[in-house]
Structure formats: C-alpha cells, structure tokens
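In: predicted model and sequence follow; I will ask about them next.
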Amino acid sequence: MVDLAWAHAGPSILAAFLASTVEFVEALTVILAVGSVRNWRDTLLGAAVALGVLLLLVSIFGTALASVPLDVIQLAVGALLLLFGLRWLRKAILRSAGVIPLHDEAAVFAKQIEAMRGHGNTNGSIAKGWDRIAFGAAFQITMLEGTEVVFIVIAIGAGGTGLLLPASLGALTALLIVMILGLVVHRPLSRVPENSLKFIVGVLLSAFGSFWFGEGIGVAWPGSDWSILALIVGFLAVALLAVPLCRMRPGRGGAGVRV
C-alpha cells in the first residue's frame, strides 16, 4: 500500500513542484524589477495579497471537488491537464530544437525595469504614501502566474483521493525555495534551466492527464497507478525524438511558429 501510494503521491509532488517553480521564477523576476525601481514595501504587499487570494481559491475549489463524482472530475481535469501539458511540451520541444528562442529571464528583468522607470517616481523620489503602480504590478504578475499554479495543483489533486495535499506541498515547497533564492541572490534567476523544467513538467502533466482521462472513461490501466510511470516514459521518449526531427525541418528560424 505504501508503494502504491508513492506511485501516485510522489509524481504528484514532483509535477506540482517543477511546474510551480517555473511560474514562481517568472513572477519573481518581475517582482524584483518592480521593487528595485519602485517601492519594496508596496511591491511585496501586492505579491502577498495575491498569494492570499490564490491560497483562498485553492481552499475553496479543493473543498468543492469532494462533492463531485470522481470519474467526472478525472475526465474533465484529465482532458484539461493533457492539453495544458502538451502546450508546455510543444514549446519546450521547439525551444530545444532552436525553432523558437529560449526564454531569457535577464532580458525580462531589464525590460520590466525600463517599464517601471517609464512611469516615473522611482525609488529616489517616491512619496511616502501608497505606490499603486508597484502594488498593482506585483499583484497582477503574482495572480497571473499563480493562477496557473492553482490550476495545476487543483488538477493534480483531483486525480485521486488525498492527492490535493501532496500537490499543494510540492507547490508550497517551490514557493519557499524561489522566495529564499530571491532574497539571497536579489536578481532574476536566469541560471534556472527553465526550458528543461518545462520539458519535464510537460511530460509529467501529459502523462497525468492521459491517465486520469482514461480513468474517467473507464480504461483499465495495466498495473493500475504504475501505468503513470509507463506513460511518463512514453511521452518522454516521443518528446526527445521530436527535438531532432524539429531541428531537421526546413526553415526552422521560427517564422510562422505561434507560441
């Protein structure tokens, strides 16, 4: 029973942790840029308020899931999670193949600093009152990236009884690590291999989505929960094979590729 539980809970924690890390790093990049140019107090307040709203959403929707039949949840969430995972995996494959450029957190950081300076009232001249621009920018980016984290946590938690806690644990661990790193380095985490994380997360979410969609329509998976591991290996093999195939495609400079 312990092995069976870890076959489900372990990948749930990992998927939520990696997906949340990507989103939190993107949010942190903007928050650091806003705080360094505007007002740290109101920037951090905006991010904190957004986190509070997101935690409330997880609590409300996580509790509401208990009243919905499991097969209905698995069917709906499985389909959405599969589409979400395939979207991430597609972008990661195209970036690995050089079809579209890698995401550059340092460039995003510099761009956000310029945008904040364009609003005037930088740190040297901000009044002691409330800086609504700093608060609004931090709140918006935290809500934007955090909403995706909430979706992933709820979707993973909906896959089976007791999975909301492991998924939430993975997301909260990612949040704490990113926050600590942000305080230590005080700069965008440009060395984080974001595309590699998205590649892995795309594989994991696609595998989970396929498994739960199959559960929802009544598929009898061989080995029960252990089929998730086989699905992960399968998606990973196909994705790794797709990278060199995309490199060989004519005119791979990225023209016409929608991201």
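Out: Right, received. Where do you want to start?

In: distance of residue 199 relative to residue 18?
Out: 10 Å (C-beta to C-beta, to the nearest Å). In this view, the C-beta of every residue, glycine as well, is placed from N, C-alpha and C.

In: the helix or strand where residue 80 lies packs against which elements?
Out: Using DSSP states H and E, residue 80 sits within helix 70-96. Here helix 70-96 touches helix 132-157, helix 194-216, helix 227-247, going by 3 or more C-beta pairs under 8 Å, 6 or more residues apart in numbering; DSSP states H and E.

In: how far off helix 227-247 does that helix point, in degrees?
Out: Helix 70-96 runs at 30 degrees relative to helix 227-247, counting by axes from the mean of the first three to the mean of the last three C-alpha atoms, to 10 degrees.

In: return the distance of helix 70-96 from the chain's centre.
Out: Offset of helix 70-96 from its chain centre (C-alpha atoms, centre = their mean, to the nearest Å): 12 Å.

In: okay, buried residues for it please.
Out: Buried residues in helix 70-96, defined by neighbour count with 16 or more other C-beta atoms under 10 Å: 70, 73-82, 84-86, 88-96.

In: what of stretch 136-154?
Out: Buried, per 16+ other C-beta under 10 Å, within stretch 136-154: 137-139, 141-143, 145-146, 148-154.

In: name the surrounding residues that touch it.
Out: By C-beta atoms under 8 Å, 6 or more residues apart in numbering, the residues outside stretch 136-154 that reach it are 15-16, 19-20, 23-24, 26-27, 30-31, 34-35, 38, 42-47, 49-51, 53-54, 57-58, 61-62, 65, 77, 80-81, 84, 116, 164, 167-168, 170-171, 205.

In: what about residue 34, distance to residue 174?
Out: The gap separating residue 34 from residue 174 is 21 Å, by C-beta to C-beta.

In: mind checking which of those two has more residues around it?
Out: With neighbours defined as other C-beta atoms under 10 Å, residue 34 and residue 174 compare such that residue 34 has more, 29 against 21.

In: what strand or helix carries that one?
Out: Here residue 34 sits within helix 2-37, counting by DSSP H and E.

In: same question, residue 218
Out: Of the helices and strands defined by DSSP H and E, none includes residue 218.

In: that one: how many residues sit nearby?
Out: Neighbours of residue 218 using other C-beta under 10 Å come to 8.

In: spatially nearest residue to it, not counting backbone neighbours?
Out: Nearest non-adjacent residue to residue 218, counting by C-beta to C-beta, 6 or more residues apart in numbering: residue 71, 7.7 Å away.

In: so the one you found touches residue 215, yeah?
Out: Yes: if you go by C-beta atoms under 8 Å, residue 71 and residue 215 touch, sitting 7.0 Å apart.

In: quick one: low-confidence parts of the stretch 101-250 of the chain?
Out: 101-129, 158-162, 185-194, 225, 249-250 (pLDDT under 70).
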